[in-house]
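Undergrad: Below are the sequence and a predicted model; questions follow.
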Amino acid sequence: MVLLAVFALFTILSLVRAEGQWKLWNLLIIIGSCAVGFFVAYLAGAWSRNLALGGEIAVPTTLAFGSFAAVLCPRKKRAPNSLVP
């Protein structure tokens, strides 16, 4: 439950802090990272020949990968006359 709350908070902050088209890109990056997390959990279950293990860790790894992506992808708004690219 805590991981879900952290995931939601990071995702919302990532989308709110983004500007313009980066909101959509951030959302796509987060969804893609969640898919990678789910695939990693599935591979862990298939590799151990215990698909119940994959089912047990699918949600936590999906949320963890998505949270990690949400932390990495926010784009800050820049001043219009900023010299930094």
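TA: On my side now, so go ahead. All values reported here derive from a predicted model rather than from experimental measurement.

Undergrad: Not counting its neighbours along the chain, what's nearest the residue nearest to the spatial centre of the chain?
TA: What sits nearest the mean C-alpha location of the chain, by C-alpha atoms, centre = their mean, is residue 66, with 1.9 Å. Spatial nearest neighbour of residue 66, chain neighbours left out: residue 34 (4.1 Å); criterion: C-beta to C-beta, 6 or more residues apart in numbering. The way it works is simple: take the backbone N, C-alpha and C, and place the C-beta from them, glycine included.

Undergrad: for residue 10, same thing?
TA: In this structure, residue 10 finds its nearest non-sequential neighbour in residue 70, 3.7 Å apart by C-beta to C-beta, 6+ apart.

Undergrad: quick one: that neighbour and residue 9, what's the gap?
TA: Taking C-beta to C-beta, to the nearest Å as the measure, residue 70 falls 9 Å from residue 9.

Undergrad: of these two, who's got more company?
TA: When residue 70 and residue 9 are compared for neighbours, residue 70 comes out ahead with 25 against 12, by other C-beta atoms under 10 Å.

Undergrad: could you measure the more buried one against residue 18, distance?
TA: If you measure residue 70 against residue 18 using C-beta to C-beta, the figure is 11 Å.

Undergrad: Can you pull the residues that touch both of those two?
TA: Counting by C-beta atoms under 8 Å, 6 or more residues apart in numbering, the shared contacts of residue 70 and residue 18 are residue 26.
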